[in-house]
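Chemist: Below is the sequence, then the predicted model.
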Amino acid sequence: MLNRNPFQAPGQWYRGNTHSHSTESDGRLSVSDRFAAYQDAGYDFLVLTDHRKVNDVDAYTSSEFLAISGSEVHPSNPYGGPTYHIVAINIHEQVNCAKMHPNAVIDDIKEQGGEAVLCHPYWCGHTITDYLPLRGYFAVEVYNDTCMGIGKGFSEQSWDELLDKCGPVLGIAADDAHGTEHDCFHGWIMVKSEDLTLDSIMDALRTGSFYSTLGPEIHDIQLIDNELSVKCSEAKSIVFIAERSRGRRFLPKNGELLTEASYPISDSAKYVRIEVTDETGKKAWSNPFFF
Ligand SMILES: [Zn+2]
Ligand SMILES: [Zn+2]
(Lines give C-alpha, C1' and ligand atoms only; values in the text may rest on other atoms or scores of the structure.)
(Ligands and ions follow the chains in the order given, each with its own letter.)
Protein backbone atom coordinates (compact mmCIF):
# COMPACT_ATOMS: atom_id res chain seq x y z
CA MET A 1 0.00 0.00 0.00
CA LEU A 2 0.92 3.63 -0.10
CA ASN A 3 4.35 3.84 1.42
CA ARG A 4 5.94 6.10 -1.13
CA ASN A 5 5.17 9.78 -1.66
CA PRO A 6 5.53 10.08 -5.45
CA PHE A 7 6.67 13.67 -5.04
CA GLN A 8 9.65 12.51 -3.00
CA ALA A 9 10.37 9.33 -4.97
CA PRO A 10 13.21 9.29 -7.51
CA GLY A 11 12.45 8.88 -11.20
CA GLN A 12 10.32 10.48 -13.88
CA TRP A 13 6.61 11.00 -14.45
CA TYR A 14 4.90 8.66 -16.88
CA ARG A 15 1.35 9.05 -18.15
CA GLY A 16 -0.76 5.92 -18.42
CA ASN A 17 -4.25 4.48 -18.75
CA THR A 18 -5.01 1.24 -16.93
CA HIS A 19 -8.30 0.25 -18.58
CA SER A 20 -8.98 -0.17 -22.34
CA HIS A 21 -10.67 -2.51 -24.79
CA SER A 22 -10.06 -3.62 -28.37
CA THR A 23 -12.00 -5.54 -31.02
CA GLU A 24 -10.86 -8.66 -29.15
CA SER A 25 -13.83 -7.88 -26.88
CA ASP A 26 -16.26 -4.94 -27.23
CA GLY A 27 -13.86 -2.16 -28.24
CA ARG A 28 -13.90 -0.48 -31.64
CA LEU A 29 -10.15 -0.42 -32.37
CA SER A 30 -7.87 -3.36 -33.09
CA VAL A 31 -5.18 -4.15 -30.53
CA SER A 32 -2.50 -2.44 -32.62
CA ASP A 33 -4.68 0.62 -33.34
CA ARG A 34 -5.58 0.95 -29.64
CA PHE A 35 -1.91 1.02 -28.61
CA ALA A 36 -1.02 3.36 -31.49
CA ALA A 37 -3.80 5.79 -30.53
CA TYR A 38 -2.55 6.08 -26.95
CA GLN A 39 1.07 6.38 -27.95
CA ASP A 40 0.16 9.07 -30.51
CA ALA A 41 -1.78 10.93 -27.79
CA GLY A 42 1.37 11.21 -25.71
CA TYR A 43 0.86 8.34 -23.28
CA ASP A 44 3.82 6.35 -21.98
CA PHE A 45 1.92 3.16 -21.16
CA LEU A 46 -1.43 1.48 -21.67
CA VAL A 47 -2.98 -1.59 -20.07
CA LEU A 48 -5.19 -3.55 -22.51
CA THR A 49 -8.03 -5.11 -20.50
CA ASP A 50 -10.40 -6.89 -22.84
CA HIS A 51 -13.35 -8.59 -21.18
CA ARG A 52 -12.65 -12.20 -20.17
CA LYS A 53 -9.58 -12.31 -22.40
CA VAL A 54 -5.82 -11.76 -22.24
CA ASN A 55 -4.04 -10.63 -25.38
CA ASP A 56 -0.37 -10.94 -26.23
CA VAL A 57 0.78 -7.33 -26.33
CA ASP A 58 4.57 -7.73 -26.23
CA ALA A 59 4.98 -6.50 -29.81
CA TYR A 60 3.74 -3.04 -28.85
CA THR A 61 6.40 -2.27 -26.23
CA SER A 62 9.35 -0.15 -27.32
CA SER A 63 11.94 1.99 -25.57
CA GLU A 64 9.37 4.81 -25.56
CA PHE A 65 6.16 2.98 -24.81
CA LEU A 66 5.13 0.18 -22.47
CA ALA A 67 2.28 -2.15 -23.45
CA ILE A 68 0.90 -4.04 -20.45
CA SER A 69 -1.32 -7.09 -20.79
CA GLY A 70 -4.37 -7.35 -18.61
CA SER A 71 -8.02 -8.28 -18.58
CA GLU A 72 -11.36 -7.20 -17.21
CA VAL A 73 -12.83 -10.15 -15.37
CA HIS A 74 -16.38 -10.64 -14.16
CA PRO A 75 -16.82 -12.98 -11.23
CA SER A 76 -20.43 -13.46 -10.17
CA ASN A 77 -21.51 -11.87 -6.93
CA PRO A 78 -22.41 -14.33 -4.15
CA TYR A 79 -23.76 -11.47 -2.02
CA GLY A 80 -26.86 -10.68 -4.04
CA GLY A 81 -25.53 -7.64 -5.93
CA PRO A 82 -24.53 -7.14 -9.58
CA THR A 83 -21.64 -9.04 -11.18
CA TYR A 84 -18.20 -7.63 -10.34
CA HIS A 85 -16.02 -5.80 -12.84
CA ILE A 86 -12.37 -6.25 -11.84
CA VAL A 87 -9.46 -5.02 -13.95
CA ALA A 88 -6.38 -7.19 -13.75
CA ILE A 89 -3.18 -5.29 -14.53
CA ASN A 90 -0.25 -7.42 -15.71
CA ILE A 91 -1.63 -10.94 -16.09
CA HIS A 92 -0.75 -13.32 -18.90
CA GLU A 93 -3.24 -16.16 -18.45
CA GLN A 94 -6.99 -15.80 -18.67
CA VAL A 95 -8.83 -16.14 -15.37
CA ASN A 96 -11.74 -18.54 -15.89
CA CYS A 97 -13.80 -16.98 -13.18
CA ALA A 98 -17.27 -18.34 -14.03
CA LYS A 99 -17.46 -20.51 -10.90
CA MET A 100 -14.81 -18.79 -8.81
CA HIS A 101 -15.41 -16.70 -5.70
CA PRO A 102 -14.30 -13.11 -6.38
CA ASN A 103 -11.53 -13.42 -3.79
CA ALA A 104 -10.20 -16.52 -5.56
CA VAL A 105 -10.18 -14.46 -8.77
CA ILE A 106 -8.18 -11.72 -7.06
CA ASP A 107 -5.79 -14.37 -5.67
CA ASP A 108 -5.29 -15.74 -9.18
CA ILE A 109 -4.50 -12.25 -10.49
CA LYS A 110 -1.92 -11.69 -7.76
CA GLU A 111 -0.38 -15.14 -8.18
CA GLN A 112 0.26 -14.20 -11.81
CA GLY A 113 2.17 -11.12 -10.63
CA GLY A 114 -0.72 -8.81 -11.34
CA GLU A 115 -2.83 -6.38 -9.36
CA ALA A 116 -6.62 -6.05 -9.13
CA VAL A 117 -8.69 -2.88 -9.46
CA LEU A 118 -12.38 -2.57 -8.49
CA CYS A 119 -13.97 -0.92 -11.54
CA HIS A 120 -16.55 1.86 -11.81
CA PRO A 121 -18.54 1.16 -8.60
CA TYR A 122 -21.20 3.81 -9.35
CA TRP A 123 -21.93 2.45 -12.83
CA CYS A 124 -22.05 -1.12 -11.47
CA GLY A 125 -24.50 -0.17 -8.76
CA HIS A 126 -22.09 -1.62 -6.22
CA THR A 127 -22.23 -0.50 -2.62
CA ILE A 128 -20.05 -1.22 0.38
CA THR A 129 -22.16 -4.36 0.95
CA ASP A 130 -20.74 -5.82 -2.26
CA TYR A 131 -17.17 -4.84 -1.37
CA LEU A 132 -16.94 -5.66 2.34
CA PRO A 133 -16.24 -9.38 1.73
CA LEU A 134 -13.52 -8.73 -0.88
CA ARG A 135 -9.78 -8.91 -0.12
CA GLY A 136 -6.55 -8.28 -1.96
CA TYR A 137 -7.49 -5.54 -4.48
CA PHE A 138 -5.10 -2.59 -4.44
CA ALA A 139 -7.19 0.18 -6.02
CA VAL A 140 -10.64 1.36 -7.01
CA GLU A 141 -11.54 3.48 -10.04
CA VAL A 142 -12.35 6.92 -8.64
CA TYR A 143 -13.14 7.97 -12.22
CA ASN A 144 -14.09 5.96 -15.31
CA ASP A 145 -14.59 7.93 -18.50
CA THR A 146 -16.81 5.59 -20.48
CA CYS A 147 -19.23 5.53 -17.52
CA MET A 148 -19.82 9.26 -18.11
CA GLY A 149 -22.03 8.03 -20.98
CA ILE A 150 -24.72 7.60 -18.34
CA GLY A 151 -23.34 10.28 -16.02
CA LYS A 152 -21.87 7.80 -13.52
CA GLY A 153 -18.13 8.21 -14.02
CA PHE A 154 -17.25 9.53 -10.56
CA SER A 155 -17.02 7.02 -7.69
CA GLU A 156 -15.46 9.16 -4.98
CA GLN A 157 -17.99 8.18 -2.35
CA SER A 158 -17.29 4.49 -2.99
CA TRP A 159 -13.57 5.14 -2.55
CA ASP A 160 -14.18 6.91 0.76
CA GLU A 161 -16.48 4.15 2.00
CA LEU A 162 -13.77 1.59 1.22
CA LEU A 163 -11.21 3.74 3.04
CA ASP A 164 -13.50 4.15 6.04
CA LYS A 165 -14.79 0.58 6.28
CA CYS A 166 -12.20 -1.67 4.65
CA GLY A 167 -8.76 -0.06 4.95
CA PRO A 168 -6.09 1.29 2.63
CA VAL A 169 -7.02 1.38 -1.07
CA LEU A 170 -5.63 3.54 -3.86
CA GLY A 171 -7.64 5.55 -6.42
CA ILE A 172 -7.28 5.38 -10.21
CA ALA A 173 -8.75 7.56 -12.98
CA ALA A 174 -9.12 5.55 -16.19
CA ASP A 175 -10.72 5.87 -19.61
CA ASP A 176 -12.12 2.33 -20.01
CA ALA A 177 -11.73 3.17 -23.70
CA HIS A 178 -14.09 1.32 -26.02
CA GLY A 179 -14.50 3.87 -28.82
CA THR A 180 -12.18 6.26 -30.60
CA GLU A 181 -12.98 9.66 -29.07
CA HIS A 182 -15.76 9.95 -26.51
CA ASP A 183 -14.13 7.67 -23.92
CA CYS A 184 -10.45 8.18 -24.75
CA PHE A 185 -7.72 10.42 -23.28
CA HIS A 186 -9.88 11.99 -20.55
CA GLY A 187 -8.86 10.25 -17.30
CA TRP A 188 -5.36 9.00 -16.57
CA ILE A 189 -2.70 8.44 -13.94
CA MET A 190 0.67 10.15 -13.63
CA VAL A 191 3.13 7.59 -12.28
CA LYS A 192 6.50 8.47 -10.72
CA SER A 193 8.78 5.59 -11.63
CA GLU A 194 12.50 4.91 -11.89
CA ASP A 195 12.02 3.98 -15.55
CA LEU A 196 9.46 2.73 -18.06
CA THR A 197 9.99 -0.99 -17.46
CA LEU A 198 7.14 -3.28 -16.43
CA ASP A 199 8.75 -4.03 -13.07
CA SER A 200 9.26 -0.38 -12.20
CA ILE A 201 5.79 0.71 -13.28
CA MET A 202 4.14 -2.17 -11.37
CA ASP A 203 6.20 -1.33 -8.30
CA ALA A 204 5.17 2.32 -8.56
CA LEU A 205 1.51 1.33 -8.90
CA ARG A 206 1.60 -1.05 -5.92
CA THR A 207 3.20 1.53 -3.67
CA GLY A 208 0.88 4.35 -4.69
CA SER A 209 3.55 6.36 -6.47
CA PHE A 210 1.04 8.09 -8.71
CA TYR A 211 -1.89 10.49 -8.84
CA SER A 212 -5.03 10.54 -10.96
CA THR A 213 -6.26 13.41 -13.11
CA LEU A 214 -8.64 14.66 -15.77
CA GLY A 215 -6.22 17.51 -16.52
CA PRO A 216 -5.14 19.48 -13.43
CA GLU A 217 -1.53 18.93 -12.37
CA ILE A 218 -0.35 18.24 -8.85
CA HIS A 219 3.17 19.65 -8.59
CA ASP A 220 4.13 18.69 -5.07
CA ILE A 221 2.78 17.21 -1.85
CA GLN A 222 4.79 17.34 1.36
CA LEU A 223 4.06 16.13 4.87
CA ILE A 224 6.09 18.20 7.33
CA ASP A 225 5.45 18.38 11.07
CA ASN A 226 1.93 16.96 10.78
CA GLU A 227 0.96 19.44 8.06
CA LEU A 228 0.04 18.17 4.60
CA SER A 229 0.75 20.74 1.87
CA VAL A 230 -0.05 20.61 -1.83
CA LYS A 231 1.06 22.72 -4.80
CA CYS A 232 -0.90 22.41 -8.03
CA SER A 233 -2.00 24.05 -11.25
CA GLU A 234 -4.61 26.80 -10.87
CA ALA A 235 -7.63 25.52 -8.97
CA LYS A 236 -11.04 26.79 -7.99
CA SER A 237 -10.98 24.46 -4.99
CA ILE A 238 -8.57 22.23 -3.09
CA VAL A 239 -10.13 19.72 -0.72
CA PHE A 240 -8.45 17.60 1.93
CA ILE A 241 -10.67 14.58 2.49
CA ALA A 242 -10.38 12.40 5.57
CA GLU A 243 -12.55 9.79 7.25
CA ARG A 244 -16.22 10.49 7.96
CA SER A 245 -16.87 14.17 8.77
CA ARG A 246 -13.22 15.26 8.82
CA GLY A 247 -11.42 17.31 6.22
CA ARG A 248 -11.40 20.83 4.81
CA ARG A 249 -12.20 22.62 1.54
CA PHE A 250 -10.17 25.65 0.47
CA LEU A 251 -11.67 28.22 -1.90
CA PRO A 252 -9.98 31.19 -3.59
CA LYS A 253 -10.12 34.62 -2.02
CA ASN A 254 -10.24 37.93 -3.87
CA GLY A 255 -11.06 36.19 -7.15
CA GLU A 256 -7.61 34.62 -7.53
CA LEU A 257 -7.32 30.92 -8.21
CA LEU A 258 -5.51 28.67 -5.74
CA THR A 259 -2.16 27.04 -6.42
CA GLU A 260 -1.44 25.71 -2.94
CA ALA A 261 -3.04 24.78 0.37
CA SER A 262 -2.08 23.17 3.68
CA TYR A 263 -4.00 21.09 6.18
CA PRO A 264 -3.01 20.12 9.74
CA ILE A 265 -3.22 16.38 10.37
CA SER A 266 -4.79 15.50 13.72
CA ASP A 267 -3.17 12.86 15.91
CA SER A 268 -6.05 10.43 15.40
CA ALA A 269 -6.28 10.84 11.60
CA LYS A 270 -6.53 7.59 9.67
CA TYR A 271 -5.90 8.93 6.17
CA VAL A 272 -6.07 12.15 4.15
CA ARG A 273 -6.37 12.45 0.38
CA ILE A 274 -6.43 15.59 -1.76
CA GLU A 275 -8.77 16.67 -4.57
CA VAL A 276 -7.95 19.58 -6.89
CA THR A 277 -10.67 21.06 -9.13
CA ASP A 278 -9.85 23.55 -11.88
CA GLU A 279 -12.00 26.38 -13.25
CA THR A 280 -13.65 24.10 -15.81
CA GLY A 281 -14.57 21.50 -13.18
CA LYS A 282 -11.84 19.01 -14.10
CA LYS A 283 -10.36 17.21 -11.13
CA ALA A 284 -7.16 15.60 -9.92
CA TRP A 285 -6.93 13.17 -6.99
CA SER A 286 -3.90 12.34 -4.87
CA ASN A 287 -3.65 8.94 -3.32
CA PRO A 288 -4.43 8.85 0.40
CA PHE A 289 -1.68 9.41 2.90
CA PHE A 290 -2.22 6.77 5.59
CA PHE A 291 -1.39 7.43 9.23
ZN1 LIG B 1 -16.56 -2.77 -16.66
ZN1 LIG C 1 -13.96 -2.01 -19.22
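Modeler: Perfect, thanks for sending it. Ligands and ions are numbered 1, 2, ... in the order given.
Chemist: Going by C-alpha atoms from here, please, whenever you check contacts or count neighbours.
Modeler: Noted.
Chemist: What are the boundaries of the strands in the stretch 1-150 of the chain?
Modeler: Secondary structure of the stretch 1-150 of the chain (DSSP state E, counting those that start in this stretch): strands at 12-17, 45-48, 66-73, 86-89, 115-118, 139-144.
Chemist: now stretch 174-193, how far from the centre of its chain.
Modeler: Stretch 174-193 sits 10 Å away from the centroid of its parent chain (C-alpha atoms, centre = their mean, to the nearest Å).
Chemist: Which stretch among the strands of the stretch 1-150 of the chain is buried most, on average?
Modeler: Between the strands of the stretch 1-150 of the chain, strand 86-89 has the highest mean count of neighbours, a mean of 30, where neighbours are mean count of other C-alpha atoms under 10 Å.
Chemist: Give me the contacts around that one.
Modeler: The contact list for strand 86-89, computed with C-alpha atoms under 8 Å, 6 or more residues apart in numbering, reads 18-19, 47, 49, 68-74, 109, 114-119.
Chemist: where does the stretch 1-150 of the chain dip in pLDDT?
Modeler: Low-confidence segments of the stretch 1-150 of the chain, defined by pLDDT under 70, span residues 1-3.
Chemist: In terms of pLDDT, where does the spatially most central residue of the chain sit?
Modeler: Taking C-alpha atoms, centre = their mean as the criterion, residue 172 is the residue nearest the geometric centre of the chain, at 1.1 Å. Reported pLDDT at residue 172 in the predicted model: 98.
Chemist: wouldn't it be in contact with residue 145 here?
Modeler: No. Counting by C-alpha atoms under 8 Å, residue 172 does not reach residue 145; the two are 11.3 Å apart.
Chemist: For the stretch 1-150 of the chain, which segments count as helices?
Modeler: If DSSP state H, counting those that start in this stretch is used as the criterion, the helices of the stretch 1-150 of the chain fall at 31-40, 102-111, 121-124, 128-131.
Chemist: Reformat the ones you listed as JSON lines; add mean neighbour count.
Modeler: Written out in JSON lines, the entries for these read as follows (neighbours: other C-alpha atoms under 10 Å):
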{"stretch": "helix 31-40", "mean neighbour count": "17"}
{"stretch": "helix 102-111", "mean neighbour count": "20"}
{"stretch": "helix 121-124", "mean neighbour count": "20"}
{"stretch": "helix 128-131", "mean neighbour count": "16"}
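Chemist: could the ones you listed go into a markdown table alongside distance to residue 257?
Modeler: Putting the helices of the stretch 1-150 of the chain into a markdown table (distance: least, C-alpha to C-alpha, whole Å) gives the following:
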| stretch | distance to residue 257 |
| --- | --- |
| helix 31-40 | 31 |
| helix 102-111 | 43 |
| helix 121-124 | 30 |
| helix 128-131 | 36 |
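Chemist: re the thing from before, could the strands of the stretch 1-150 of the chain be laid out in JSON lines, adding distance to residue 196?
Modeler: Shown next, in JSON lines, are the strands of the stretch 1-150 of the chain (distance: least, C-alpha to C-alpha, whole Å):
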{"stretch": "strand 12-17", "distance to residue 196": "8"}
{"stretch": "strand 45-48", "distance to residue 196": "8"}
{"stretch": "strand 66-73", "distance to residue 196": "7"}
{"stretch": "strand 86-89", "distance to residue 196": "15"}
{"stretch": "strand 115-118", "distance to residue 196": "18"}
{"stretch": "strand 139-144", "distance to residue 196": "21"}
